[in-house]
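# just a sequence and a predicted model for now, questions to come.
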Amino acid sequence: MIVADTDVLVDFLAGRGEHDRFVRDLIAGGQLRTTAINQFELLAGARESRQLQRVETLIAGLEVLSITAGAAQEAASIQRMLLEAGQRIGAADCLIAGTVRWNKGSLLTRNKREFGRVPGLLIEITG
C-alpha cells in the first residue's frame, strides 16, 4: 500500500512534479491512500473555492486512513524514540508516520529530512 504525503498531493494538484503520471496511475488503479492528517492539511491549505473543490474531488477518490488507537500508539512510540535520541519531528508528521507504519504501507513523500529519521518507515522519495 502506498500512502501519499501532503507535498506529493499538492504537487499533483498543481500539475508539477516528475512523478505526476505515477500518482495518476496509482489513483486510477485505486492503489493510492492518504491519511486523515494529510486530508486536514490539504483542506486547510485551500485558499479559494476552486482549490477547495479540487482538493475535495481528489480526496473523494482516495481511501483516507484514520488515526486509529493502534496508529496513535505507533505514533507515540515513534515520538518517544525520536525524543530519546535527541531528534524532533512535528506532531502531524509523527501521526502520519505512525498511521503509515501501523497500516504496513510505504509513504510517498519528498520530505526525507523528517520521515527519514523514523525507523521501520518505508519511504518512496519523489522529486
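Good, I have the coordinates.
# residue closest to the middle of this protein?
When CA atoms, centre = their mean is applied to the chain, the residue found nearest the centroid is Asp5 (2.6 Å).
# I figured that one was touching Asn111, is that so?
Yes - between Asp5 and Asn111 there is a contact under CB atoms under 8 Å: 6.3 Å. From N, CA and C alone the C-beta is placed, and that goes for glycine too.
# distance from the lengthiest helix in the chain to the middle of the chain?
Identified as the longest helix of the chain according to DSSP state H is helix 69-84. How far helix 69-84 lies from its chain's middle: 16 Å, per CA atoms, centre = their mean, to the nearest Å.
# again with stretch 45-55
That offset, for stretch 45-55, works out to 18 Å (CA atoms, centre = their mean).
# tell me how far the closest residue to Gly61 other than its chain neighbours lies from Leu108.
What sits nearest to Gly61 in space, not counting adjacent residues and going by CB to CB, 6 or more residues apart in numbering, is Ile27, at 5.8 Å. Per CB to CB, to the nearest Å, Ile27 is found 11 Å from Leu108.
# likewise for Cys94?
18 Å.
# Gln87 now?
For Gln87, the distance to Leu108 - CB to CB - is 22 Å.
# do Ile123 as well
8 Å.
# Arg113: neighbour count?
9 (other CB atoms under 10 Å).
# that's a helix at it, yeah?
Yes - membership of Arg113 in a helix is supported by DSSP: H, G, I helix; E, B strand; the rest coil.
# and the gap between it and Asn103?
Applying CB to CB to Arg113 and Asn103 gives a distance of 23 Å.
# and if you look at Gly90?
20 Å.
# when these two are compared, which one has more neighbours?
Asn103 (17 against 10).
# name the nearest residue to that one, ignoring sequence neighbours.
Using CB to CB, 6+ apart, the nearest residue to Asn103 is Leu65, at 5.6 Å.
# so that neighbour bridges to which residues?
Beta-bridge partners of Leu65, counted by DSSP bridges, are Thr35.
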